[in-house]
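>>> Sequence plus predicted model, see below.
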Amino acid sequence: MAADLGLYTRFRHPRSSLLESENDPNVARAFLLCYYLSCGTGILGYDRPDTMRCIQSLRYAAQHLAQRSSEGFDREAPALVGLLYILAQHHDHLSCPEKTLPQSWNLAAALEDWKATYPTASTLSAIKSMQHFAHAYGLLKCARPGTLSNQDRQVCVDNLALVLSNVLERGAAYLTLFGAAEWGHVLTTLFLLPRVETSTGQEGAPLTLEYIGRFRQTLQEARTLATQDIVLATPTFFGWLDRILSAVEKQTTSHLRSSVQTQQKGDESAYELINSFIDDESNQGSRSHRGRDRDQEEFWGDFMSEWLNW
């Protein structure tokens, strides 16, 4: 999309004639949206590399937008690009052969530097969700099976919980209004949190079940709001969320009954994680049962496809 629209050439230099004459902020927004989707869904969703190797052009576009717009998200465009670039670097770091990995790279340190550089960026929900999700998912991707320390597991649990809390604190209407990439983080978190949480061996009621209850309450509030505002009337989405919450609840209970702790698989993408999570239950039943419910296994692909089509 960025190449087809010629967006790379418009932001090639910080003071090019094309950039200085560009009065439509939507041009810069479109360019940055391509990067947001490339990293937010490509890297974090499907574990694919960054396809837009043009960080300087993206920084120029973000700065251009931040200087010419009063919108909150536009003003934080440089922060968003900075966070997405950290994700791209982290993916490159993990994809390199072992002998060529840069020893100085540290995801947690990079995120801390980013927070210090852009102290107001976390006030925006989409950036805040991605920040917490990237921290947890990055730690899990770095780990080999069985090598994640208890401290790192707890850090992952804390950050995954913050992703869900961030969305719930925005109110019921927010469930139907926020973007596809952020929904990808929430969807993955709902399936990932039980795995990480049950592997810590902590006693007491699972945090996952608490969040399922809160999401169900918020979903009921959203249904009530939908009777008053047609924009919020999304019955297909409501049905999907019901199915997702039920699946997560069932898997959480199943993990609690099992004496075998679930190991984290560092080579899984979010897409593979979600489908394998559903497969865990399917493998316990008959193949005929799995065949009948085949359409319910592809949560990530089907849900995200429908969301993008609405």
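Ah, there it is.
>>> Quick one: low-confidence residue ranges for the stretch 201-310 of the chain.
Across the stretch 201-310 of the chain, the ranges flagged by pLDDT under 70 are 201-205, 255, 257-310.
>>> can you check the stretch 1-150 of the chain too?
Residues of the stretch 1-150 of the chain that meet the cut-off, pLDDT under 70, sit at 1-4, 8, 13-23, 45-46, 97-103, 143-147.
>>> Go again with 50.
Along the stretch 1-150 of the chain, segments meeting pLDDT under 50 span 17-19, 99, 101.
>>> where exactly do the helices run in it?
7-10, 17-20, 25-37, 44-46, 55-68, 72-75, 77-95, 107-117, 125-142, 150-168 (DSSP state H, counting those that start in this stretch).
>>> what does the domain assignment say about the protein?
Following automatic domain parsing, one gets these domains for the chain: 1-123, 132-310.
>>> What's the local residue count around the closest residue to Leu94 other than its chain neighbours?
Distance criterion C-beta to C-beta, 6 or more residues apart in numbering; nearest residue to Leu94, sequence neighbours excluded, is Lys141 at 5.9 Å. (C-beta placed from N, C-alpha, C; glycine too.) Neighbourhood size, Lys141 [other C-beta atoms under 10 Å]: 22.
>>> Lys141 is in contact with Ser95, isn't it?
No - counting by C-beta atoms under 8 Å, Lys141 does not reach Ser95; the two are 10.4 Å apart.
>>> Please report how far Gly184 lies from Leu177.
15 Å (C-beta to C-beta, to the nearest Å).
>>> Revised request: answer the last question for Leu37.
18 Å.
>>> quick one: which of those two has more around it?
Per other C-beta under 10 Å, whichever of Leu37 and Leu177 has more neighbours is Leu37, with 19 against 11.
>>> any idea how far that one lies from Leu232?
Distance, Leu37 to Leu232, using C-beta to C-beta: 24 Å.
>>> now do Ser57
To Leu232, Ser57 is 37 Å away according to C-beta to C-beta.
>>> swap in Gly171?
Spatial separation of Gly171 from Leu232 under the definition C-beta to C-beta is 11 Å.
>>> Between these two, point out the one with more neighbours.
Neighbour count, other C-beta under 10 Å: between Gly171 and Leu232, Leu232 has more, with 19 against 13.
>>> What separation do you get for the more buried one and Arg214?
In this view, Leu232 and Arg214 are 19 Å apart by C-beta to C-beta.
>>> wait, what's in contact with Ala108?
Ala108 makes contacts with His135, Leu139, as judged by C-beta atoms under 8 Å, 6 or more residues apart in numbering.
>>> hmm, 10 Å instead?
Counting by C-beta atoms under 10 Å, 6 or more residues apart in numbering, Ala108 touches His135, Gly138, Leu139, Cys142, Asp152, Val155.
>>> The second one and Ala88 touch, don't they?
No - Gly138 is beyond contact range of Ala88, at 11.9 Å (criterion: C-beta atoms under 10 Å).
>>> Looking only at neighbour counts, state which of those two leads.
Gly138 (23 against 20).
>>> My guess is Leu160 contacts Ala134. True?
No - using C-beta under 10 Å, Leu160 is not in contact with Ala134, being 11.2 Å away.
>>> State the distance from the residue nearest to Asp50 when sequence neighbours are not counted to Asn106.
Leaving aside its chain neighbours, Asp50 sits nearest to Ala88 (3.8 Å; criterion: C-beta to C-beta, 6+ apart). Using C-beta to C-beta, Ala88 is found at 15 Å from Asn106.
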